[in-house]
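Trainee: Below: sequence and its predicted model.
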Amino acid sequence: MNEQTFNDLPSLAEHLRDELDKKEFILLYAHNGVGKTRLSMEFKDYWKRPNNKRGVMARDTLYFNAYTEDLFIWDNDLDNDSERVLLLNSQSRFFKALDEVEMDNRIRPLLERYADFDFRIDTEKWEVSFSREVLDGDRHYTEYGIKVSRGEEKIFIWCFFLAIVQLALDDDDGSGPYGWVKYIYIDDPISSLDDQNAVAIATHLAGLLKNRESRLKTVISTHHSLFFNVLYNELNCNRGRRKGFFLTRDRSSSGYRLQDTSDTPFFYHLAALVELHEAVISGDIHKYHFNMLRTILEKTASFHGYKNFSACISQIKDDQDKDDLDDKLYTRLINLHNHGNYSPYEPWKMQEGDKEDLHKILKYFTKRFLFNKQLLSREEPKKENSNP
């Protein structure tokens, strides 16, 4: 299995830069909580390190991640409740050419793919106002000063970013306002969006990047399996100068593991199964691992033609160890941990009894449903015999 391990995110970020000396695109798949956003920041801040080996002395990365969205802040006009605008952080280089390149006209054709609202950018006030055509009986009118939904806001910010990407890609000699850009780093642009928009954004992004020669190199990371699969196929990853990787935590060393996707067929439940197996071995089990377990059970149940994931647990009754597993009890347990009052992305520790339950379900599940043993090749540590 072709994989590499890294002690920390800075060393992994440097490795990605080395890979991009030979590649056009790098596509990363990783679960939430692994460190994708922090990796994107380490990558873009590489120039700040006093001991960077590549001699980078200035910003060179145009990036999209959770911090990019923080450059846009709502003013909800609490006094009058009528003129709601999205404020832009004028200090960011992200908006450097805003008043030079007619950004409205660059964003609008992109936005029309996904949304039915319009907007106007005020380059003097550094704000964006939104409007929408409304049908009231037989009459059409325009409603101004609206606040768009959270999903629409994310789509707008994404299209804003894409318009800047197009400017950077079109700048062949690096003489324009985004001539400083050498790398594009995109981290999870489709969070909170439905599958239809995820597919549309992935297809559009792939078309934008692959159908032109450019001096720029690109990294895209995501936890969304459908988004990953569409990009993987559209970009023809692991062919030529395009590469796909799985990124996971190395639980044995608190480092990171990068695995070549050409070694393993990509399915979300397989990646999750390996992650769960590693967590069980290390003992570093958190509540969100029950979310992953349920996903694996649901995918397997669907493949085998069952309506509910509980069928995968009841099927284990055929096993000789059936007396150790109460299928109804463990079905309730999985449901409880998937609907409790906690965030699935927070690494909250579980009680030892819960850990043992997850371990037991996973053990019997992988014994009953035969997966490739190489995926789960790492053995559990043997318990010491306490008898004298």
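Mentor: Yep, that arrived.
Trainee: if I look at R120, how far off is V101?
Mentor: Using C-beta to C-beta, to the nearest Å, we find R120 at a distance of 16 Å from V101. Yep, even glycine has a C-beta here, placed from its N, CA and C like the rest.
Trainee: now do R242
Mentor: For R242 relative to V101 (C-beta to C-beta), the value is 29 Å.
Trainee: Outline the domain layout of the chain.
Mentor: Split into domains by automatic domain parsing, the chain comes to 1-60+182-264, 70-154, 269-368.
Trainee: Going by mean pLDDT, which of those comes out lowest?
Mentor: Looking at the domains of the chain, the lowest mean pLDDT belongs to domain 269-368 (a mean of 71).
Trainee: which of R242 and V101 has more neighbours?
Mentor: Using other C-beta atoms under 10 Å, the more surrounded residue of R242 and V101 is R242, with 19 against 16.
Trainee: Nearest residue to the more buried one in space, ignoring adjacent ones along the chain?
Mentor: Using C-beta to C-beta, 6 or more residues apart in numbering and skipping the chain neighbours, the partner closest in space to R242 is F25 (4.5 Å).
Trainee: Is it correct that the one you found is in contact with K243?
Mentor: Yes. F25 lies in contact with K243 (C-beta atoms under 8 Å); the separation is 7.1 Å.
Trainee: Identify the contacts common to the two.
Mentor: By C-beta atoms under 8 Å, 6 or more residues apart in numbering, F25 and K243 have these common neighbours: C237.
Trainee: F228 and L247: what is the separation?
Mentor: Distance, F228 to L247, using C-beta to C-beta: 11 Å.
Trainee: overlap in contacts of the two?
Mentor: Shared contacts of F228 and L247 (C-beta under 8 Å, 6+ apart): Y29.
Trainee: right, and L216 touches L167 too?
Mentor: No. If you go by C-beta under 8 Å, L216 and L167 don't touch, sitting 11.1 Å apart.
Trainee: following the helix or strand encompassing I281, which helix or strand shows up next?
Mentor: Following DSSP states H and E, one finds I281 within helix 268-282. Using DSSP H and E, the next helix or strand after helix 268-282 towards the C-terminus is helix 288-303.
Trainee: Just the angle for that following helix relative to helix 268-282, thanks.
Mentor: If you take axes from the mean of the first three to the mean of the last three C-alpha atoms, to 10 degrees, helix 288-303 sits at 140 degrees to helix 268-282.
Trainee: Report all helices and strands that the very next helix or strand once past helix 288-303 contacts.
Mentor: Sequence-wise, the next helix or strand downstream of helix 288-303 (DSSP H and E) is helix 310-314. Under the contact criterion of 3 or more C-beta pairs under 8 Å, 6 or more residues apart in numbering; DSSP states H and E, helix 310-314 touches helix 288-303, helix 327-338, helix 352-368.
Trainee: So which of those is the most surrounded?
Mentor: Greatest average neighbour count among the helices and strands packed on helix 310-314 goes to helix 288-303 (a mean of 20), per mean count of other C-beta atoms under 10 Å.
Trainee: Please work out the angle formed by the directions of that helix and helix 352-368.
Mentor: Interaxial angle, helix 288-303 versus helix 352-368 (the same axes, to 10 degrees): 30 degrees.
Trainee: same for helix 288-303, what does it pack against?
Mentor: Helices and strands touching helix 288-303, by 3+ C-beta pairs under 8 Å, 6+ apart, are helix 268-282, helix 310-314, helix 327-338, helix 352-368.
Trainee: Can you lay out those as CSV showing distance to A58?
Mentor: Converted to CSV, the helices and strands packed on helix 288-303 look like this (distance: least, C-beta to C-beta, whole Å):
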stretch, distance to A58
helix 268-282, 36
helix 310-314, 53
helix 327-338, 46
helix 352-368, 48
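Trainee: does R257 count as helix, strand or coil?
Mentor: Following DSSP: H, G, I helix; E, B strand; the rest coil, R257 is assigned to strand.
Trainee: Of all the helices and strands packed on helix 288-303, which one is nearest K48?
Mentor: helix 268-282 (31.3 Å; C-beta to C-beta).
Trainee: wait, doesn't L293 sit right on K363?
Mentor: No. Contact criterion C-beta under 8 Å: L293 and K363 do not qualify, at 11.7 Å.
Trainee: Kindly reformat the domains of the chain as TSV and extend each row with distance to F160.
Mentor: Below are those laid out as TSV (distance: least, C-beta to C-beta, whole Å):
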stretch	distance to F160
domain 1-60+182-264	11
domain 70-154	6
domain 269-368	26
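Trainee: contacts for the longest helix seen in the chain?
Mentor: Longest helix in the chain, counting residues (DSSP state H): helix 150-170. Residues from elsewhere that reach helix 150-170 (C-beta under 8 Å, 6+ apart): 62, 64, 68-69, 72, 86, 94, 97, 101, 103, 106-107, 110-111, 114-115, 117, 119, 128, 148, 176-178, 181, 184, 189, 191-193, 197, 201, 204-205, 208-209, 212, 214, 216.
Trainee: Could you do stretch 60-73 as well?
Mentor: With C-beta under 8 Å, 6+ apart as the test, stretch 60-73 has contacts from 37, 40-41, 43-44, 46-47, 86-89, 92, 94-95, 128, 153-154, 157-158, 161, 164-165, 168, 178, 180-189.
Trainee: Keeping just the C-alphas, turn that stretch into CSV.
Mentor: Extracted as CSV, the C-alpha positions of stretch 60-73 are listed here (Å, rounded to 0.1, in the frame of the first residue of the first chain):
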residue,chain,number,x,y,z
ASP,A,60,1.6,32.9,-3.1
THR,A,61,-1.7,31.1,-2.4
LEU,A,62,-5.2,32.1,-3.2
TYR,A,63,-7.3,30.0,-0.8
PHE,A,64,-10.9,29.2,-0.1
ASN,A,65,-11.8,27.8,3.4
ALA,A,66,-13.8,28.7,6.5
TYR,A,67,-11.6,31.8,7.0
THR,A,68,-12.6,33.0,3.5
GLU,A,69,-16.2,33.1,4.5
ASP,A,70,-15.3,35.2,7.5
LEU,A,71,-14.3,38.0,5.1
PHE,A,72,-18.0,38.6,4.6
ILE,A,73,-20.1,39.8,7.5
